[in-house]
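Trainee: What follows is a protein structure lacking sequence information:
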């Protein structure tokens with residue numbers, strides 16, 4: 001961190017001895033904002049600009065959906081998997097009737113491109129399915145490839161994050177989920193949550209949690225080998241190895257109530273046992289039968305567990321719905337229940353907010369409680385048909401609800417975080433200042449340990465210890481250096497500020513040089 005800070009100090013001080021560092025920073029930010037406005041209607045230049053922009057964290061990223069189909073095919077070929085030529089479902093060998101080795105796709109371009117279309121949203125408009133059906137059907141087709149490839153998957157997610165200047169990832173993972181589901185299936189349901197929990201803890205839950213942690217360590221070891229991480233990477237450049245990663249257990253809410261309960265318990269126990277697991281989240285289509293029928297029950301479960309594990313942070317899919325997807329009454333309460341019963345600190349999607357009972361009052365509550373919404377523009381468009389003025393992003397911003405852009409399922413959607421920012425600019429009219437606010441907000445609401453770098457996280461006023469970020473002769477003052485060393489959140493937020501300063505200065509410098517030519 002000090003290396004990076006000193007480098008930026010030298011750059012800033014070289015601009016003009018007559019200017020203060022703060023003046024240089026403000027001037028650079030203004031020049032960067034002006035440049036983005038000048039290329040707003042030039043998609044090619046805009047996407048290059050946005051890719052280079054530091055974006056902080058991606059807080060809503062499903063690992064299984066983050067992998068591009070081409071790489072799943074490669075995983076399957078390496079493992080001698082089979083593919084059903086009608087359903088396009090991958091499975092372990094030996095190949096049965098109607099199946100061929102997945103390796104055949106290497107010599108059959110028609111099969112290869114059909115697999116990609118079936119395993120992603122590429123060309124989904126020609127599938128004869130709705131966007132929602134094609135999207136969710138893709139997952140069970142490549143599902144068998146997601147169970148022993150976590151190392152490769154981690155590597156791909158971190159490579160793409162670094163390529164798009166994302167320095168922090170919270171990955172939703174299913175490591176351990178099958179075992180938790182199996183434990184739940186062997187547990188007879190009753191409404192006594194305490195008894196259910198004790199029964200699960202006594203029948204193998206703790207051992208399952210330990211195995212899950214061991215599996216993650218093994219996957220990280222393989223990831224580091226694939227990425228050639230040494231553990232001694234210099235902090236100055238952002239690389240796949242220096243992206244900070246935390247995990248969120250995804251809980252499959254379409255299963256039976258005892259199986260959902262067991263998964264939730266597994267998620268809370270994981271977060272208690274291992275600091276890399278920072279939360280849990282209910283996944284699977286919110287509009288499906290079981291998630292709709294059992295939604296309130298699932299919130300009761302979260303309320304029960306929150307009382308027992310109050311330090312475990314909660315983010316939750318809620319309001320990923322639109323009129324016509326479910327009956328009108330299905331749109332009225334999921335976000336509010338998730339906050340008031342489920343104790344969520346962040347909401348994933350939340351796009352049906354204006355169909356909730358008392359939506360303005362609900363958004364006021366969210367603003368007061370500082371509950372952030374994870375905005376996933378591409379998937380909301382593809383799955384629900386919500387884009388432009390139909391999307392509530394601007395409504396949330398109007399009511400002071402913190403928001404940040406995220407990818408959701410970048411591999412299945414054939415996207416990345418840069419293109420989420422691009423949609424934000426092109427379809428939502430976001431300015432550079434608003435994008436920068438969202439990048440900072442992502443780090444403020446990340447489930448990281450320690451205090452914030454911001455004394456005021458709405459106006460982005462620095463803490464007193466770090467008011468002077470670039471005093472002469474040092475990167476930071478000793479007081480600030482000690483604070484950053486003791487607080488992981490502040491440290492990563494500070495690194496984002498350094499990256500943003502460097503980015504803005506480079507844009508300003510380039511524009512000044514062009515104007516002199």
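Mentor: Okay, I see it. This structure is a prediction, so every number in the text was calculated from the model and none was measured. Residues are numbered from 1 along each chain as shown.
Trainee: tell me what the helix or strand encompassing residue 168 is packed against?
Mentor: Using DSSP states H and E, residue 168 sits within strand 166-173. Packing partners of strand 166-173 (3 or more C-beta pairs under 8 Å, 6 or more residues apart in numbering; DSSP states H and E): strand 56-62, helix 63-66, helix 150-163, strand 244-252, strand 277-283, helix 488-516. The C-beta positions use only the backbone N, C-alpha and C, and glycine is treated the same way.
Trainee: Please identify the deepest-packed of those.
Mentor: Scoring these by mean neighbour count under mean count of other C-beta atoms under 10 Å gives strand 56-62 as the most buried, with a mean of 28.
Trainee: Looking at the helices and strands packed on strand 166-173, which is nearest to residue 75?
Mentor: Residue 75 lies closest, by C-beta to C-beta, to one member of the helices and strands packed on strand 166-173: helix 150-163, at 6.1 Å.
Trainee: quick revisit: pipe the helices and strands packed on strand 166-173 into a markdown table and attach mean pLDDT and distance to residue 131 per row.
Mentor: What follows is the helices and strands packed on strand 166-173, written out as a markdown table (pLDDT from 0 to 100; distance: least, C-beta to C-beta, whole Å):
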| stretch | mean pLDDT | distance to residue 131 |
| --- | --- | --- |
| strand 56-62 | 98 | 17 |
| helix 63-66 | 98 | 14 |
| helix 150-163 | 98 | 23 |
| strand 244-252 | 98 | 21 |
| strand 277-283 | 98 | 18 |
| helix 488-516 | 92 | 33 |
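Trainee: measure stretch 350-365 end to end?
Mentor: For stretch 350-365, the first and last residues are 14 Å from each other (C-alpha to C-alpha, to the nearest Å).
Trainee: One more: stretch 465-483?
Mentor: Using C-alpha to C-alpha, first and last residues of stretch 465-483 are 7 Å apart.
Trainee: and if you look at stretch 181-199?
Mentor: 14 Å.
Trainee: what's the spacing between that stretch and its chain's center?
Mentor: Centroid separation between stretch 181-199 and its chain, computed with C-alpha atoms, centre = their mean, to the nearest Å, is 30 Å.
Trainee: just to revisit the earlier point, turn the helices and strands packed on strand 166-173 into a markdown table, columns for distance to residue 451.
Mentor: Listed next are the helices and strands packed on strand 166-173 as a markdown table, based on distance: least, C-beta to C-beta, whole Å:
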| stretch | distance to residue 451 |
| --- | --- |
| strand 56-62 | 17 |
| helix 63-66 | 29 |
| helix 150-163 | 25 |
| strand 244-252 | 17 |
| strand 277-283 | 16 |
| helix 488-516 | 6 |
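Trainee: quick revisit: tell me which strands and helices the helix or strand that the strand holding residue 168 is followed by is in contact with?
Mentor: Under the assignment DSSP H and E, the closest C-terminal helix or strand after strand 166-173 is helix 177-185. Counting contacts by 3+ C-beta pairs under 8 Å, 6+ apart, helix 177-185 packs against helix 206-227, strand 244-252, helix 257-273.
Trainee: For residue 175, which of those is the nearest?
Mentor: Closest of the helices and strands packed on helix 177-185 to residue 175 is helix 206-227, at 5.3 Å (criterion: C-beta to C-beta).
Trainee: where does residue 364 land on pLDDT?
Mentor: At residue 364, the model reports a pLDDT of 98.
Trainee: show me what contacts it?
Mentor: residue 399 (C-beta atoms under 8 Å, 6 or more residues apart in numbering).
Trainee: Could you check the helix or strand encompassing it and say which residues are buried?
Mentor: Assigned by DSSP H and E, residue 364 falls within helix 359-369. Of all the residues in helix 359-369, those buried under the rule 16 or more other C-beta atoms under 10 Å are 359, 362-363, 365-366.
Trainee: Same question for stretch 366-380.
Mentor: Quick answer for stretch 366-380 (16+ other C-beta under 10 Å): 366, 371-380.
Trainee: Can you give me the domain boundaries for this protein?
Mentor: Following automatic domain parsing, one gets these domains for the chain: 2-9+17-38+449-516, 68-146, 150-444.
Trainee: Among these, which comes closest to residue 51?
Mentor: domain 150-444 (4.5 Å).
Trainee: distance between the ends of that closest one?
Mentor: 28 Å.
Trainee: same question, stretch 80-89
Mentor: Stretch 80-89: ends 14 Å apart by C-alpha to C-alpha.
Trainee: roughly how far is it from the heart of the chain?
Mentor: 30 Å.
Trainee: do stretch 78-96 as well
Mentor: With C-alpha atoms, centre = their mean, you get 30 Å for stretch 78-96.
Trainee: Kindly report the same for stretch 250-269.
Mentor: Going by C-alpha atoms, centre = their mean, the spacing between the C-alpha centre of stretch 250-269 and its chain's C-alpha centre is 20 Å.
Trainee: Can you point out the buried residues in that stretch?
Mentor: Quick answer for stretch 250-269 (16+ other C-beta under 10 Å): 250-255, 257-269.
Trainee: what does stretch 159-176 give?
Mentor: Going by neighbour count (16+ other C-beta under 10 Å), the buried part of stretch 159-176 is 159-162, 164-176.
Trainee: again with stretch 381-397
Mentor: 381-384, 386, 391-393, 396-397.
Trainee: quick one on the thing from earlier: following the helix holding residue 364, which helix or strand shows up next?
Mentor: With DSSP H and E, the next secondary element past helix 359-369 is strand 372-375.
Trainee: which outside residues touch the next helix or strand after that following strand?
Mentor: Scanning forward in sequence from strand 372-375 by DSSP H and E, the next helix or strand is helix 377-384. Here helix 377-384 makes contact (C-beta under 8 Å, 6+ apart) with 121, 124, 131-132, 135, 320-322, 325, 349, 351, 386-387, 391, 393, 405, 407-409, 413, 415, 419-420, 423-424, 427-428.
Trainee: Just checking, which helix or strand of this structure averages the lowest pLDDT?
Mentor: Within the chain, confidence by mean pLDDT, DSSP states H and E is lowest for helix 2-13 among all helices and strands, at a mean of 45.
Trainee: now the helix or strand following it, how far from the centre of its chain.
Mentor: Next along the chain after helix 2-13, taking DSSP H and E as the criterion, comes helix 21-38. Relative to its parent chain, helix 21-38 has a centroid offset of 28 Å by C-alpha atoms, centre = their mean.
Trainee: same thing with stretch 444-456?
Mentor: 17 Å.
Trainee: buried set for it?
Mentor: Buried residues in stretch 444-456, counting neighbours by 16+ other C-beta under 10 Å, are found at 444-448, 450, 452-454.
Trainee: that older thread, tell me which of the domains of the chain approaches residue 46 most closely.
Mentor: domain 150-444 (6.4 Å).
Trainee: roughly how far out does that closest one sit from the chain middle?
Mentor: On C-alpha atoms, centre = their mean, the centre of domain 150-444 falls 7 Å from the chain's centre.
Trainee: Give me the residue ranges of the stretch 401-517 of the chain where confidence is low.
Mentor: The stretch 401-517 of the chain contains residues with pLDDT under 70 at 468-475.
Trainee: quick one: contacts for the closest residue in space to residue 369 that isn't next to it in sequence?
Mentor: Nearest residue to residue 369, sequence neighbours excluded (C-beta to C-beta, 6 or more residues apart in numbering): residue 339, at 7.2 Å. Contact partners of residue 339, counting by C-beta under 8 Å, 6+ apart, are 347, 362, 365-366, 369, 371.
Trainee: Output the residues you listed in a markdown table; the columns should cover distance to residue 190.
Mentor: Output for the contacts of residue 339, formatted as a markdown table (distance: C-beta to C-beta, whole Å):
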| residue | distance to residue 190 |
| --- | --- |
| 347 | 30 |
| 362 | 33 |
| 365 | 33 |
| 366 | 34 |
| 369 | 33 |
| 371 | 32 |
